[in-house]
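Enquirer: coords please:
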Amino acid sequence: MGGRIAEILAAESIATAGTKTLDLNISNPITRLTVQVRLVNNGSAPTAHPATAISKIEVSDGSDLLFSMSGKQAAALNFYDHGFLPFSLSAYENDIYSTQEMHIDFGRFLWDPMFALDPRRFSNLQIKVTHNKAAGASSPDAGTLAIIAHVFDEGDISPIAFLMSKQVYSYALAASGQERIVLPADYDFRKILFGSLSAGNSPSSQIANVKLSIDNDRRVIINNMAVSDIVKMLAGPKAIEAFIGMGSGSAITYYIACTYEQYISIAPMGSTLAATVTVNQGSGGTCSILSDASKGFQAFSAGYAPHGLIALPQGDQLNPDTWLKASQAGSVALALTAGSSVGSASTAEVILQQKRIY
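Expert: Below you'll find the model as predicted:
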């Protein structure tokens, strides 16, 4: 079994915000599509995490959505699929590149011979990427977008299915309110993700409790469990990310992927080092760092719930027979109860990863 990398879009300027639409003119099965955004900072004051520059990624066959997420959602799903974040370098420094990659995985792992996107099964495959270079990093004034496909060689495999991943529900979060969401039960569930990203607020403060039930509570999988307990119980590896910045002599807010129990390891850099470097751990994907004016530093962040999302894996992630058979369940409902003090203008999100058989 062999594979190759095909360039769908060579690095192209994204000087103007918009949506890039490309036909996927590939005949062989695709195991992964990679979206890469590179942003050139115009200053050293952080705007947002670099992944924010990609507001939506869609793979579709006409009106049939096969993948639909924001850049941050895609990066979070990558973490839960593989145990580590995709490549990310958040460089919050003038005239320095910030780079973020996001993978669209159609298999359980890279080069999965059973699960892959087979273009021969579709008639009008396209990928659409909506971007705004100024939305992430440090007010970038230039940037590029590139898209790569990881493709199986001719005649190597005949996949039986692919992983379909997309946001299926979102709503405005209100303090202490409960939302009951009936999930689409057309395909088996491999993974359910939920969360609400709010700078400075942990995901368990945003959403306090979760309930997952089948067929009007005939079977209750998660019974109004505290989200803080779920994060600990399903913690797994930490989401680790590198970032750099430039001090101003005052505390500056920096943006990182992890949002829960986040820790920062920091070191000054340069020929003359800062005399003072302090960090406030924070939560909700932000931390506050104070460094002497014009003194740079490098840092690593580590924690849980990347970009505010928490995953509920259904069964053995490598064994499709153990995934939640939604089509046989009657109905699958997710009930989310908000915390008593949520961030203003907060949005809750629900994402499904499903097995879609050809």
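Enquirer: measure the closest residue to Ser68 other than its chain neighbours to Tyr358 for me?
Expert: In this structure, Ser68 finds its nearest non-sequential neighbour in Lys166, 3.9 Å apart by Cβ to Cβ, 6 or more residues apart in numbering. (C-beta placed from N, C-alpha, C; glycine too.) According to Cβ to Cβ, to the nearest Å, Lys166 and Tyr358 sit 18 Å apart.
Enquirer: re earlier: number of residues surrounding the residue nearest to Ser68?
Expert: Neighbour count for Lys166, taken as other Cβ atoms under 10 Å: 18.
Enquirer: Next one: it relative to Ile256, how far apart?
Expert: 25 Å.
Enquirer: Same check on Lys232?
Expert: Lys232 is 20 Å from Ile256, by Cβ to Cβ.
Enquirer: quick one, which of the two is more surrounded?
Expert: Just comparing Lys232 and Ile256: by other Cβ under 10 Å the higher neighbour count belongs to Ile256, 27 against 13.
Enquirer: For the residue nearest to the more buried one when sequence neighbours are not counted, pull up the helix or strand it's in.
Expert: Leaving aside its sequence neighbours, Ile256 sits nearest to Ser301 (Cβ to Cβ, 6+ apart; 4.1 Å). Taking DSSP states H and E as the criterion, Ser301 maps to strand 296-304.
Enquirer: Other residues contacting that strand?
Expert: Residues from elsewhere that reach strand 296-304 (Cβ atoms under 8 Å, 6 or more residues apart in numbering): 93, 231, 235, 238-247, 254, 256-270, 274, 277, 279, 287, 289, 291.
Enquirer: Adjacent strands (with direction) for it?
Expert: When pairs are called by DSSP bridges, strand 296-304 turns out to pair with strand 239-246 (antiparallel), strand 260-269 (antiparallel).
Enquirer: Check which helices and strands the helix or strand that comes right after it sits against.
Expert: Later in the chain than strand 296-304, the nearest helix or strand by DSSP H and E is strand 309-313. Applying 3 or more Cβ pairs under 8 Å, 6 or more residues apart in numbering; DSSP states H and E, we find strand 309-313 packed against helix 71-82, strand 188-195, helix 227-233.
Enquirer: Check the average confidence over strand 309-313, would you?
Expert: In this model, strand 309-313 has a mean pLDDT of 97.
Enquirer: and that strand, which strands flank it?
Expert: Partners of strand 309-313 in its sheet, by DSSP bridges: strand 188-195 (antiparallel).
Enquirer: Need the contact partners of the helix or strand that the partner strand is followed by.
Expert: Next in sequence after strand 188-195, counting helices and strands by DSSP H and E, comes helix 203-206. With contacts defined as Cβ under 8 Å, 6+ apart, helix 203-206 is touched by 173, 195-198, 226-228, 231, 259-260, 283-284, 305, 308-310, 338-339, 341-343, 346, 348.
Enquirer: If any of those residues are buried, give me the PyMOL selection for them.
Expert: For selection in PyMOL, the members of the contacts of helix 203-206 meeting the burial criterion (16 or more other Cβ atoms under 10 Å) are listed in this command:
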select buried, resi 173+195+196+197+198+227+228+231+259+260+283+284+305+308+309+310+338+339+342+343+346+348
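Enquirer: got any ranges where the stretch 1-150 of the chain has weak pLDDT?
Expert: 1 (pLDDT under 70).
Enquirer: can you pull up the bridge partners for Ile5?
Expert: Beta-bridge partners for Ile5, by DSSP bridges, are His150.
Enquirer: Compute the number of surrounding residues for it.
Expert: Neighbour tally, Ile5, other Cβ under 10 Å: 10.
Enquirer: how near is it to Ser27?
Expert: 16 Å.
Enquirer: With Pro320 instead?
Expert: In terms of Cβ to Cβ, Pro320 sits 25 Å off from Ser27.
Enquirer: Give me the more crowded residue out of these two.
Expert: For Pro320 versus Ser27, the count of surrounding residues by other Cβ under 10 Å is larger for Pro320: 18 against 10.
Enquirer: ok, the more buried one touching Ile357?
Expert: No - under the criterion of Cβ atoms under 8 Å, Pro320 makes no contact with Ile357, lying 9.4 Å away.
Enquirer: shared neighbours, the two?
Expert: Common neighbours of Pro320 and Ile357 (Cβ under 8 Å, 6+ apart) are Ala161.
Enquirer: Quick one: low-confidence residue ranges for the stretch 201-350 of the chain.
Expert: Scanning the stretch 201-350 of the chain for pLDDT under 70 picks out 271.
Enquirer: switch the cut-off to 90
Expert: 215-219, 234-236, 248-249, 266-283, 291-296, 326-331 (pLDDT under 90).
Enquirer: And the residue with the largest distance to the centre of the chain, how far from Gly247?
Expert: No residue in the chain sits farther from the centre than Thr272, which is 36.8 Å out by Cα atoms, centre = their mean. Using Cβ to Cβ, Thr272 is found at 12 Å from Gly247.
Enquirer: With Glu349 instead?
Expert: 34 Å.
Enquirer: Now do the strands in the stretch 51-200 of the chain.
Expert: 54-61, 64-69, 88-92, 97-105, 125-131, 142-152, 161-172, 178-183, 188-195 (DSSP state E, counting those that start in this stretch).
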